[in-house]
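Student: Okay, structure incoming, though there's no sequence with it:
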Ligand code: GDP
């Protein structure tokens, strides 16, 4: 029998911390430590008491009887006050019962998978949902958790299986009685392959959801790069810091703009005055400009353009560059051309000081990074790889059929099915794959 495991599922330091226990000993542990009522899916109110009967904390505890729990096993969730001292003492007491061991990273979700509560794609969605910082990431993960991707993969799998059955029957047929239309089989395979291709494409587009929209802020010294960056992330910080327990670090890495995670790339290095360093700074900012999804080229409208500004304008990649005309609160020396463009680049006028134009700028960044709807079925890199594997197997199967070697096609169709099945893990996910996926979770999940 699987051992019983426990772990804290919330960060410490909030008002409440939730300790989870999963496995057959969940109830005996509660009975030992918790004075309140223990009833399936009901919150009991009571105390956690140590061996001497001394109160550790007052708390609520919910018991879930197998299989009606997250993991599919007996489970308990104890909500205590969220201090280190309380949590540490509770963990000590659970450990001292000898009835449970600390959980490994991702072990609760792994058990849910192994007990058939969710498939691999859904388990990975749990992780994506926990890690999501922007609205559209959350939406994609929530859809996947609901099983949308699993359903799509399941139907592709069945279609390949259908063609495989027909092809295999034809290969095994010694009597020449089975009718097999090779062209029809090829067409069916091509149709599946095309569907897989569009899934892959949507997944590649979703890169900005996985990694964030890389946005470089470039411009000559004193155009207002730092001020603009601060103004753009200030509102975000204000929103996020209202939610207790969120870290500022992650916010600074990826702020949410119009529901997209946006990573701003600091090009402050360009400011150095020493010649050698300045060249390095410029080189670095040119590289950042090259790698970026969106480039904000800042132009200070309160002064005439410098040679450096001219150089940046002349070498701009028009496809991804937005001219940001800064300091709109100051008298204009330069005026953007009529119709919101500047020297042939789309332009928006802002002031970091008054906030003018910032909303428009946020909208423009989002629409440049993700034009149109971005509602990908596939977001996970592992899933994209598996789809690519299935796709090339299907191509090989078509070649096999046209070349008159249907036995090759049978082999390749099986390969395609294996690739598809590895996404949801329903058929025969290899154990090491399962371990790799769950070990990247954090403890408590
Ligand atoms: P950077 O060198 O490009 O990072 O530019 P900074 O953000 O440090 O700004 C350079 C100077 O311009 C500072 O003195 C800022 O206070 C000023 N500045 C930046 N943005 C604005 C703005 O929108 N309006 C006004 N009036 N001054 C600004």
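Tutor: Alright, I've got the coordinates. These numbers were taken from a predicted model, which means no experiment stands behind them.
Student: burial measure for residue 186, as a count.
Tutor: Counted with other C-beta atoms under 10 Å, residues neighbouring residue 186 total 18. Just so you know, the C-beta spots here come from the backbone N, C-alpha and C atoms, and that holds for glycine as well.
Student: And the pLDDT for the residue of the chain most remote from its centre?
Tutor: Residue farthest from the centre of the chain, counting by C-alpha atoms, centre = their mean, is residue 175 at 53.1 Å. On pLDDT, residue 175 comes in at 73.
Student: all strands in the chain, in order from the N-terminus.
Tutor: Secondary structure of the chain, counting by DSSP state E: strands at 5-8, 16-22, 43-49, 55-64, 75-81, 101-102, 213-218, 255-257, 260-265, 294-300, 321-326, 341-342, 345-349.
Student: For the fourth one, which helices and strands make contact with it?
Tutor: Contacts defined by 3 or more C-beta pairs under 8 Å, 6 or more residues apart in numbering; DSSP states H and E place strand 55-64 against helix 26-33, strand 43-49, strand 75-81, helix 84-96.
Student: Same question for the last one.
Tutor: Where contact means 3+ C-beta pairs under 8 Å, 6+ apart, strand 345-349 is packed against strand 321-326, helix 358-369.
Student: buried ones in stretch 316-323?
Tutor: 316, 321, 322, 323 (16 or more other C-beta atoms under 10 Å).
Student: between those residues, which is closest to residue 189?
Tutor: Using C-beta to C-beta, residue 321 is the member of these that lies nearest residue 189, at 42.7 Å.
Student: Surely the closest one and residue 347 touch.
Tutor: No. When contacts are counted by C-beta atoms under 8 Å, residue 321 is not listed as touching residue 347 (9.9 Å).
Student: Report how many residues lie close to the nearest residue to residue 67 once chain neighbours are set aside.
Tutor: Once flanking residues are discounted, residue 67 sits nearest to residue 115: 6.9 Å by C-beta to C-beta, 6 or more residues apart in numbering. Using other C-beta under 10 Å, residue 115 has 16 other residues around it.
Student: and the gap between the closest residue to residue 346 other than its chain neighbours and residue 311?
Tutor: Excluding the flanking residues, the one nearest residue 346 by C-beta to C-beta, 6+ apart is residue 322, at 5.6 Å. Plainly put, residue 322 is 18 Å away from residue 311 if you go by C-beta to C-beta, to the nearest Å.
Student: circling back: relative to the ligand, how far out is the residue nearest to residue 346?
Tutor: From residue 322 across to the ligand, the span is 16 Å (C-beta to the nearest ligand atom, to the nearest Å).
Student: Now do that residue against residue 293, distance only.
Tutor: Here the criterion is C-beta to C-beta. By it, residue 322 lies 11 Å from residue 293.
Student: Find the residues that touch each one of the two.
Tutor: Here residue 322 and residue 293 have residue 368 as joint contacts, going by C-beta atoms under 8 Å, 6 or more residues apart in numbering.
Student: Please identify the buried residues of stretch 413-427?
Tutor: So for stretch 413-427, counting by 16+ other C-beta under 10 Å, buried means 413-426.
Student: Make JSON lines out of the strands of the chain and add distance to residue 161 and mean pLDDT.
Tutor: Listed next are the strands of the chain as JSON lines, based on distance: least, C-beta to C-beta, whole Å; pLDDT from 0 to 100:
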{"stretch": "strand 5-8", "distance to residue 161": "37", "mean pLDDT": "95"}
{"stretch": "strand 16-22", "distance to residue 161": "35", "mean pLDDT": "96"}
{"stretch": "strand 43-49", "distance to residue 161": "46", "mean pLDDT": "96"}
{"stretch": "strand 55-64", "distance to residue 161": "36", "mean pLDDT": "97"}
{"stretch": "strand 75-81", "distance to residue 161": "36", "mean pLDDT": "97"}
{"stretch": "strand 101-102", "distance to residue 161": "41", "mean pLDDT": "95"}
{"stretch": "strand 213-218", "distance to residue 161": "39", "mean pLDDT": "88"}
{"stretch": "strand 255-257", "distance to residue 161": "41", "mean pLDDT": "84"}
{"stretch": "strand 260-265", "distance to residue 161": "37", "mean pLDDT": "85"}
{"stretch": "strand 294-300", "distance to residue 161": "43", "mean pLDDT": "93"}
{"stretch": "strand 321-326", "distance to residue 161": "49", "mean pLDDT": "95"}
{"stretch": "strand 341-342", "distance to residue 161": "54", "mean pLDDT": "88"}
{"stretch": "strand 345-349", "distance to residue 161": "49", "mean pLDDT": "93"}
